[in-house]
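Enquirer: Sequence first, then the predicted structure, then my questions.
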Amino acid sequence: MNTTTLILIYLGVALVGSMLPFLRSYFAHFHNLVNLVISACLEGGKIHLYRNGSGQTTGSAASPFKRALISYAGYTGASVAAIGLLYLVLKGHYDLVIYLYLGLSVVALLLWIRNAYGVLWGISTVVLLALPIFFRYETVLAIPVNINFETLLVHIGIFLASVLFVQSMIGAVQVCRQAFMSRSNPKRKAALVQTKFIPAVVLGIILFGQTVLAGYFFALNFISLPFSWDMDLPNQLLAAKDVIWSTVSGSLKQ
C-alpha cells in the first residue's frame, strides 16, 4: 500500500475519530498545542488545555485586536505545520514527524502547560510517541508480541500528520462559524473574533479561505488529483452547458 493511500485512509480515520466524544477532545489538542505554543511565544503566559477540547493561553492583558492577530498567527502556523508534516511523510521521513511533535510536546510540558488536564494529556502523548521509538532500538527487553516497530512508526507518523491536518481544518471552520454569531452568544469564544477593529466576519472568512487553499494545495500536491485550477475553468463549464442545452433543445424541436 503506497503512502498516498495510507494518508487518505488515516485522514478518514482522523475525521471519524474527531466526531467521537472522547477522541474528539484528545485529537483537538494536537492542533491546540501547536496553535497555543505559537501564541505563548508571541504574548507569553502559560497554556491551559481543557476536557472539552478547547485551550487558551494566560498571557499578559492585550487589546482584542492584538490577541486576534496572535490567534490568527497560531491558526496559520498550525496549518503550515500540518502541511509540513505531510510533506515529510511523503518524503519518507516518518520518524522525523514523530520526533518533531514529541519534542514540541516535551518543551510545552516543561515551559508552558500548567493545568492538570493539560499535563495529563501532554504526558500521555509523550508516552504514546516515545514508547515505539524506545522499543525500536531496545533489543534487551523481551516483548511477548512480535511487532515490527519500523512499520508501526510509519503508521504513527502518517496518522499524526493526518490528525493535525484534519484538526486545523475543523478549527478554522469552527472559528468561521463563531464569526457569524452575535457577540452575546456564549459560544463565541475564539480570540480571533473578539476584536471590533476588523469585523469578525472578515477575519473568519479570511481564515476559512486560507484553510480551503491549504486543503487545495494538499490535494493538488500530496494526493495528485487529476486536475488543477484554471482561471478559464468557469468559461469552459459555461461553454459545456451551452453545448448541452443546444443539443437538448434541438432534440426537443425534432
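Expert: Sure, I can see it.

Enquirer: any idea whether residue 48 is helix, strand or coil?
Expert: Classification of residue 48 by DSSP: H, G, I helix; E, B strand; the rest coil places it in strand.

Enquirer: average model confidence for stretch 37-45?
Expert: For stretch 37-45, mean pLDDT rounds to 90.

Enquirer: what separates it from the chain centre, distance-wise?
Expert: 19 Å (Cα atoms, centre = their mean, to the nearest Å).

Enquirer: quick one: contacts of it?
Expert: With contact meaning Cβ atoms under 8 Å, 6 or more residues apart in numbering, stretch 37-45 is reached by 46-47, 57-60, 62, 66-67, 70-71, 73-74, 77-78, 104, 107-108, 111-112. Heads up, the C-betas are built off the backbone N, CA and C, glycines and all.

Enquirer: how about a cut-off of 10 Å?
Expert: Here stretch 37-45 makes contact (Cβ atoms under 10 Å, 6 or more residues apart in numbering) with 32, 36, 46-47, 55-62, 66-67, 69-78, 80-81, 104-105, 107-108, 111-114, 191.

Enquirer: before we move on, what about stretch 87-99?
Expert: 3-4, 6-7, 10, 84-86, 100, 128-130, 132-133, 136, 150-162, 164, 218, 221-223.

Enquirer: now residue 207: how far from residue 92?
Expert: According to Cβ to Cβ, to the nearest Å, residue 207 and residue 92 sit 32 Å apart.

Enquirer: Tell me which of those two has more neighbours.
Expert: Neighbours per residue, other Cβ atoms under 10 Å: of residue 207 and residue 92, the larger number sits with residue 207, 24 against 11.

Enquirer: could you check the distance from residue 85 over to residue 10?
Expert: 12 Å.

Enquirer: ditto for residue 110
Expert: 29 Å.

Enquirer: Looking at those two, which is more packed in?
Expert: residue 10 (23 against 9).

Enquirer: Please verify my assumption that the more buried one contacts residue 160.
Expert: Yes: with contact defined as Cβ atoms under 10 Å, residue 10 reaches residue 160; the gap is 8.9 Å.

Enquirer: Could you report the pLDDT at residue 170?
Expert: 92.

Enquirer: With adjacent residues omitted, what lies nearest to it?
Expert: residue 18 (6.1 Å; Cβ to Cβ, 6 or more residues apart in numbering).

Enquirer: Give me the distance between that neighbour and residue 163.
Expert: Residue 18 sits 8 Å away from residue 163 when distances are taken as Cβ to Cβ.

Enquirer: overlap in contacts of those two?
Expert: Counting by Cβ under 10 Å, 6+ apart, the shared contacts of residue 18 and residue 163 are 26, 27, 28, 31.

Enquirer: Go through those residues and single out the one with the most neighbours.
Expert: residue 31 (28 neighbours).

Enquirer: Sticking with it, tell me its helix or strand.
Expert: Element membership of residue 31 [criterion: DSSP states H and E] is helix 21-43.

Enquirer: mind listing what residue 124 touches?
Expert: Counting by Cβ under 10 Å, 6+ apart, residue 124 has contacts 26, 105.
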